[in-house]
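>>> predicted structure and sequence below. I'll ask about it afterward.
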Amino acid sequence: ANRGMNALRAGLRRRGLGYVVALTALVSLLGAAGMYAFERAPEVEGGFGSFGDALWWTAMLMTTMGSDFWPRTAEGRVLCLLLATYAFAVFGYITAAFASFFVGRDAASRLQGNDG
């Protein structure tokens, strides 16, 4: 298990997963700040009362969990679309990185004659 985890870690590092995670954290924080600015509670019915609420909503949107709140302003809707599109792309990237890792290990295993 240790050897497999080390190989996975090295494979994901080669594919730049650390940069994707850092960029995703930055996009999440900036997206939450934008949503808090566009959809503030006093100005928008059911809007965000704090930055923490906006950050929670952004995290739920980006993990495709969804929420009972959807933006009501045009700016908030555009930002929501951009955040969802970014999250979809990152999810696809991570899925492809894992898949290529496992396909590569399977191919290497067949070349070595360890078909199990």
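Thanks, I have the structure now. Numbering: from 1, shown residues only.
>>> would you tell me which helix is longest in this protein?
helix 74-112 (DSSP state H).
>>> mind giving me the packing neighbours of it?
Of the remaining helices and strands, those touching helix 74-112 by 3 or more CB pairs under 8 Å, 6 or more residues apart in numbering; DSSP states H and E are helix 2-14, helix 17-38, helix 51-62. In short, each C-beta sits where N, CA and C put it, glycine included.
>>> and that helix with helix 17-38, angle?
170 degrees (axes from the mean of the first three to the mean of the last three CA atoms, to 10 degrees).
>>> for the most centrally placed residue in the chain, which residues are in contact?
In the chain, the residue lying closest to the centroid (CA atoms, centre = their mean) is residue 87, at 4.5 Å. By CB atoms under 8 Å, 6 or more residues apart in numbering, the residues touching residue 87 are 61, 62, 63, 64.
>>> same question for residue 79.
Per CB under 8 Å, 6+ apart, neighbours of residue 79: 31, 34, 35, 38, 71.
>>> for residue 60, same thing?
Neighbours of residue 60 in contact, by CB under 8 Å, 6+ apart: 66, 67.
>>> 6 Å instead?
residue 67 (CB atoms under 6 Å, 6 or more residues apart in numbering).
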